[in-house]
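Trainee: just a sequence and a predicted model for now, questions to come.
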Amino acid sequence: MKTEIIYEDRELLVVRKPAGLATQTARVGQADVVSELKNYSRSPYLGIVHRLDQPVEGLLVFARTRGAAAALSGQLAEGTLNKQYYAVICGKPVSEQGELVDYLDKDTRNTGRAVAVEEQERFRFPDAKKAVLQYRLLQYVEKTDLSLMEIHIVTGRFHQIRVQMSHAGMALLGDAKYGNDAIQKRGRELGVTHVALCAYSIAFWHPSQKEKMCFQIRPESKAFSGFW
C-alpha cells in the first residue's frame, strides 16, 4: 500500500498521501488512496472529508462513521480544520509574507485548469469564487535560488494554491500545469517530478472525544531536500 497510516481509531484515519497517487479516481485499474484504505480497513463506510491534487503529497483525514464525517466536514466549512502547506518556488519573493485574494473559475476551454479572474473582469465570470491564501517565506537558499514557503488557505478552491501563487509570480517548482517554461525547465534540471507542494500539517477536533488532534510530517519530495 502506497498510502501511509499515521493515526487510526474507530472513527477516523489520518494518512500520508504520496505525490503521484490520486485521492480518488474513476479510472479503472488506477490505484488511489480511497481504494487502498477500503481494502485496508474492510469497513463498510469511508467518508472523504477533503482531497489533495494527485501531484501533491501530504496529510488527509478520512471518517470511518457518518457522524464523524459530518463533524469533520463541519469543521472544514467553519475553518477549524486547519491545514498548513510547504511549497518551493524559484527565486526569492518580493514580499516575505502576504495575503493573496483572487477570484477563481474553471478554464472555459475545459483543460482541467483553474484561472484567476481580476476584480474588474468578474462580470464575465459569474461562477468565479473568492479565493484567499496567506504565505510567508521560511527560508531562502542563495546557492540554489530556491525559497521554502509556508502557506495557509483561508478558502478551499480547485487548485487554489497552485493557481494563486502562479498568478502572483510565484509559481511552484515542478508544476507542469501552472508553471511557465522556465519553471518547468528548472524542475527538470533538479530532477523534480512532482509539484513542490506538501500538506505538512493538519489539526482538528476529534469528533467524539472533543480533543484537539495535531499531526505533522516532513516532505519526502526531492524538491524539498535542500531545506533540511
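Mentor: The structure has been received and is ready for your questions.

Trainee: ok, residue 96 to residue 162 distance?
Mentor: 20 Å (C-beta to C-beta, to the nearest Å). Where C-beta positions appear, they are placed from N, C-alpha and C, glycine not excepted.

Trainee: not counting stretch 21-36 itself, show me its contacts.
Mentor: In this structure, residues lying in contact with stretch 21-36 by C-beta atoms under 8 Å, 6 or more residues apart in numbering are 1-3, 15, 17, 46, 48, 51-52, 54, 60.

Trainee: thinking again about what came up before, out of residue 96 and residue 162, which sits in the busier spot?
Mentor: residue 162 (23 against 13; other C-beta atoms under 10 Å).

Trainee: pretty sure that one is in a strand, no?
Mentor: No - secondary structure assignment (DSSP: H, G, I helix; E, B strand; the rest coil) places residue 162 in helix, not in a strand.

Trainee: ok so, going back, for the contacts of stretch 21-36, pick the one with the most neighbours.
Mentor: residue 17 (25 neighbours).

Trainee: between the contacts of stretch 21-36, which is nearest residue 153?
Mentor: Proximity of those to residue 153 (C-beta to C-beta) peaks at residue 52, which lies at 11.8 Å.

Trainee: pairing partners for the worst-scoring helix or strand of the chain on mean pLDDT, with directions?
Mentor: Ranked by mean pLDDT, DSSP states H and E, the helix or strand of the chain with the weakest confidence is strand 114-117, at a mean of 81. If you go by DSSP bridges, strand 114-117 pairs up with strand 97-106 (antiparallel).

Trainee: mind listing what's buried in the strand it pairs with?
Mentor: 100, 102-106 (16 or more other C-beta atoms under 10 Å).

Trainee: where does pLDDT dip in the protein?
Mentor: Residue ranges of the chain with pLDDT under 70: 26, 28-29, 108-111, 119-120, 123.

Trainee: per-domain residue ranges of it.
Mentor: 4-81+203-227, 86-190 (automatic domain parsing).

Trainee: please enumerate the helices of this protein.
Mentor: 33-41, 66-78, 160-167, 181-190 (DSSP state H).

Trainee: tell me which of those sits most buried.
Mentor: For the helices of the chain, the largest average neighbour count (mean count of other C-beta atoms under 10 Å) is found in helix 160-167, namely a mean of 23.

Trainee: for that one, C-alpha coordinates in CSV please.
Mentor: What follows is helix 160-167 as a C-alpha-only set of coordinates in CSV (Å, rounded to 0.1, in the frame of the first residue of the first chain):
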residue,chain,number,x,y,z
GLN,A,160,-6.1,27.2,-5.3
ILE,A,161,-2.5,27.3,-4.1
ARG,A,162,-1.0,26.4,-7.4
VAL,A,163,-3.0,28.9,-9.5
GLN,A,164,-2.9,31.8,-7.0
MET,A,165,0.9,31.5,-6.4
SER,A,166,1.5,31.3,-10.2
HIS,A,167,-0.8,34.3,-10.8
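
Trainee: residue 47 pairs with what?
Mentor: Applying DSSP bridges, one finds that residue 47 bridges with residue 63.
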